[in-house]
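**Q** after the sequence you'll find the predicted model.
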Amino acid sequence: LEADEARYLADDFFSWTGRAQLVVCFFPFVSSHPTLKWGLPLEFASAGQWIQSIERVLTSQGYAVVVHHLDDEEKIFDEVRLKIKSSLKLLNRKVLTNELVNDGRAFISLYQLK
């Protein structure tokens with residue numbers, strides 16, 4: 001990815017029709033509890049919708065970096081990814097520790113579109 005190709009778009013990711021070599025998702029809502037806690041409608045709490053949208057947007061062999069703030073959210077994302085036979089292949093996963101994140105931990109995963 002060339003530096004002049006990188007950009008940030010403020011848009012509805014679930015309906016965006018563009019393409020990208022890299023998708024970065026910070027704290028996507030994939031379950032009801034955190035979604036409702038933030039005051040968002042339940043329609044935003046869909047791991048399947050996140051996964052399908054990432055797959056739709058990524059170019060061939062593109063990458064997705066997904067950061068979850070709870071280990072339960074990460075588990076839900078992975079369970080749904082396997083259940084729907086997603087084309088996202090997990091390449092690497094790390095636990096990040098920092099006093100600024102929830103309980104001092106965040107979970108970062110790197111996926112590639114098969």
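**A** Nice, thanks for sending it over.
**Q** who are the contact partners of Asp71?
**A** Neighbouring residues of Asp71 by CB atoms under 8 Å, 6 or more residues apart in numbering: Arg105, Phe107. No exception for glycine: its C-beta is placed from N, CA and C like everyone else's.
**Q** in the sheet, who's paired with Val24?
**A** Beta-bridge pairing for Val24 (DSSP bridges): Val65.
**Q** so what's it up against?
**A** Ala64, Val65, Val66, Val67.
**Q** which of those residues lies closest to Cys25?
**A** Val66 (4.7 Å; CB to CB).
**Q** what's the neighbour count on that closest one?
**A** Counted by other CB atoms under 10 Å, the residues lying close to Val66 total 27.
**Q** which pLDDT value goes with it?
**A** We note a pLDDT of 97 for Val66 in this prediction.
**Q** could you do the one 3 residues further on as well?
**A** For His69, the pLDDT comes out at 82.
**Q** ok, Gln112 next?
**A** 98.
**Q** I figured it hits Ser87, correct?
**A** No - taking CB atoms under 8 Å as the definition, Gln112 is not a contact partner of Ser87, at 9.2 Å.
**Q** out of the contacts of Val24, which are buried?
**A** Using 16 or more other CB atoms under 10 Å as the burial test, the contacts of Val24 include Ala64, Val66, Val67 as buried.
**Q** from Ile84, how far off is the second one?
**A** The reference is to Val66. Separation of Val66 from Ile84 (CB to CB, to the nearest Å) stands at 15 Å.
**Q** tally of neighbours for the nearest residue to Gly18 once chain neighbours are set aside?
**A** Leaving aside its sequence neighbours, Gly18 sits nearest to Val57 (CB to CB, 6 or more residues apart in numbering; 6.7 Å). Residues lying near Val57 (other CB under 10 Å) number 20.
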